[in-house]
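1. pasting the sequence and the predicted coordinates here, then a few questions.
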2 protein chains.
Amino acid sequence: MNDGRQAPTLADVAARAQVSTATVSRCINFPDRVAEDTRQRVTEAINDLGYSPNFGARVMAARRTMTVGAIIPTMENAIFARGLQAFQEELGNHGYTLLVASSSYRADLERDQIKALVARGADALLLIGHDRDPEIYRFLEARQIPVLVTWAFDPAAPRPSVGFDNRAAMRALADRVIGLGHRNLGLISAEIASNDRARARRDGILDAMAAAGLPRDALTVIETPYGIETGAEAFDTLMQRDAPPTAVLCANDVLAVGALRRARELGLEVPDDVSITGFDDIELAQVALPALTTVHVPHRDMGRRAARMLVAALEGGPAPEPTLLQATLTMRDSLGPVPKPG
Amino acid sequence: MNDGRQAPTLADVAARAQVSTATVSRCINFPDRVAEDTRQRVTEAINDLGYSPNFGARVMAARRTMTVGAIIPTMENAIFARGLQAFQEELGNHGYTLLVASSSYRADLERDQIKALVARGADALLLIGHDRDPEIYRFLEARQIPVLVTWAFDPAAPRPSVGFDNRAAMRALADRVIGLGHRNLGLISAEIASNDRARARRDGILDAMAAAGLPRDALTVIETPYGIETGAEAFDTLMQRDAPPTAVLCANDVLAVGALRRARELGLEVPDDVSITGFDDIELAQVALPALTTVHVPHRDMGRRAARMLVAALEGGPAPEPTLLQATLTMRDSLGPVPKPG
DNA sequence: CCCTTGAATGTAAGCGCTTACATGCTAGTC
DNA sequence: GACTAGCATGTAAGCGCTTACATTCAAGGG
């Protein structure tokens, strides 16, 4: 049956414990449906043999993998790490495993990753943001794979989501910035066309500006990939304009830290010469000097809830309700009043 | 065959393309063994049906998953992110997929994760550091699963590894510190007993001290979990001693950044009042203020090579040779001469 | 003492794919 | 024209597990 060079199978265990494979399987999956002494014999055989079930076979027979997939835009920086960690922990509590893939913020790669995770048998998927080719949603729907969108909230979207209102959160921050007298703003953002979170954040700024009666061209937007270095360069570009902004809002903390660094290199004091703000409130934000004024995102709570919602959906509960969490303004030291001219 | 509510199977595709399942399978796995027009018909059927192969079935039939597992101590900070990213990219180039799990620096969790990845069919494993219950290595060996240890290098270890010499690298740094006149040193480290990298780094410092004729108790070691906050606290503890060290070496950049922050909070100038150094050279090190003097680890190169070695082992090449990479001292601004007394 | 009941276990049919082997054809060779 | 290669394709046997259904047996009821 098994020459010893192969991983032991259910049949090997069954033979050793002198029971049928069905009994061994039951021992593993429903221990209470097996008599005490049989179970003991089987357990012993399992240990002796160092048996562990073959995942592929199991998946195939049971038609589910107990696996949830998540696709995040990037692993390179910590933006998604904390939320994902919480997501994973909570999934673990329910017996599910997490499979992570990253898309490098590219729609085509994300598409491939989604298909790959599905092909690997992900029972459900966690996705960041709503923006996505409808074809993908159709694909997922056809396969009846529960999907949860996070990091964004949109009660109008035809899919459940758990997240916060990016637009309102950024608006609150922009209100504050404008309230401090800034009339000439810069925004360093990820690409806006394909990224609903980035778009919502920009729109939040525009909302605040409109409310304050500022013209739309009082905001200069620079789009750039995420990264400390790219943030620094974008800041440079902004500062080289004829009338450089007095406050530079960044669509996330990583970009903001880059901007902060370049400001220092340019000999600009923050916030005395120019204000800089972030978004996300990752660890970096507290460590930066000056500490970053930013929007705190409830990463862990979001991750945990996402896990619960997905598990509920998988275990046959009703479709999860969209859930709105609060992102809160976190004032630290990088935002100050508009500098006096001269 | 299929009521349309189920994911389409090979058989569905075969029926639609009017060929056998074997031909469809060949089309997917060995396109050049199929006639041009047949292939076209099959491809069309695949697209029409939105077919994607069932992973479990595939694994089972082919007896391999094209998956490599990696277990890292933590995802919470960026220490392993860059190396892992490179690892993943290179694996992808060879058609393999990466599965990541994190152990939270706990040996028991790591053990579980290893078993879980194996159960999921990981064809090979990437592990950080050598320290590990021998039983685990036996388990892996019995299953003939190639293992590569990284982030550490030990030609004497009975397993292939690709990494750098933690001890020599830290010694080089410590030599420099001592050369600057420091005679009273502190070390903030992860737990040393169960972590060969941490141990090697400490030993590197002791080597340098011995060479300079310093007594062993000129080094005060504080062990703490990794984190910015814990680094800050450890620094505090160190500074409250009767004769606080003039140079605090940290076993990684994350701890060092915490130390840096606390120093600032305590009103200490770095490096004028106290020197602080890191290890790893993650992005954080450059952004910190003052920029961190640290040891640069060739993350990307290490990840890329690790992937190549594992792939080679899987494709039946000879066992990979242990590979030593260089970690280099990176002088920035947080290390200076010992302060003048008074 | 026979029958019913239900707990414990066994039997065996797939799950969707890969692949060794068999078959059928076309084209080239003498 | 018969024969051989060799390519394209088909047939069918698993891969290791789960689970519906069948069987066995002991205990309790009439």
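-> In hand now; what should we look at?
2. any idea whether residue A:138 is helix, strand or coil?
-> helix (DSSP: H, G, I helix; E, B strand; the rest coil).
3. how close does it sit to residue A:320?
-> Going from residue A:138 to residue A:320 by Cβ to Cβ, to the nearest Å gives 20 Å. For every residue, glycine as well, the C-beta is placed using N, CA and C.
4. the two: who's more crowded?
-> residue A:320 (20 against 11; other Cβ atoms under 10 Å in any protein chain shown).
5. just say helix, strand or coil for that one.
-> coil.
6. report pLDDT for it.
-> In this prediction, residue A:320 carries a pLDDT score of 78.
7. show me the contacts for it.
-> Listed by Cβ atoms under 8 Å, 6 or more residues apart in numbering or on different chains, the contact partners of residue A:320 are A:148, A:160, A:162, A:309, A:310, A:312, A:313.
8. which ones are touching the closest residue to residue A:204 other than its chain neighbours?
-> Among residues not flanking residue A:204 along the chain, residue A:170 sits closest, at 3.1 Å (Cβ to Cβ, 6 or more residues apart in numbering or on different chains). In this structure, residue A:170 makes contact with A:200, A:201, A:202, A:203, A:204, A:205, A:249, A:279, A:295, judged by Cβ under 8 Å, 6+ apart.
9. how distant is the helix or strand encompassing the fifth one from the center of its chain?
-> What it means is residue A:204. Remark: residue A:204 resides in helix A:196-211, with elements defined by DSSP states H and E. How far helix A:196-211 lies from its chain's middle: 21 Å, per Cα atoms, centre = their mean, to the nearest Å.
10. show me the shaky parts of the stretch 151-300 of chain A.
-> By pLDDT under 70, the stretch 151-300 of chain A contains no weakly predicted segment.
11. what's the burial count for residue A:240?
-> 9.
12. oops, could you answer that again for residue A:93 instead?
-> With other Cβ under 10 Å as criterion, residue A:93 counts 12.
13. next one: it from residue A:311, what distance?
-> To residue A:311, residue A:93 is 9 Å away according to Cβ to Cβ.
14. surely residue A:191 meets residue A:105?
-> Yes: the pair residue A:191 and residue A:105 qualifies as a contact (Cβ atoms under 8 Å) at a distance of 7.5 Å.
15. any shared contact partners between the two?
-> With contacts defined as Cβ under 8 Å, 6+ apart, the residues shared by residue A:191 and residue A:105 are residue A:225.
16. whichever strand or helix holds the residue nearest to residue A:204 versus helix A:196-211: what angle between them?
-> Assigned by DSSP H and E, residue A:170 belongs to helix A:166-179. Relative orientation of helix A:166-179 and helix A:196-211, computed by axes from the mean of the first three to the mean of the last three Cα atoms, to 10 degrees: 40 degrees.
17. residue A:199 contacts residue A:191, doesn't it?
-> No: taking contacts as Cβ under 8 Å, residue A:199 lies outside contact range of residue A:191: 9.6 Å.
18. more neighbours: residue A:191 and residue A:105, which one.
-> It is residue A:105, of residue A:191 and residue A:105, that has more neighbours when counted by other Cβ under 10 Å, with 18 against 13.
19. distance of that one from DNA strand C?
-> 31 Å (Cβ to the nearest atom of the strand, to the nearest Å).
20. pLDDT score assigned to that residue?
-> pLDDT for residue A:105: 87.
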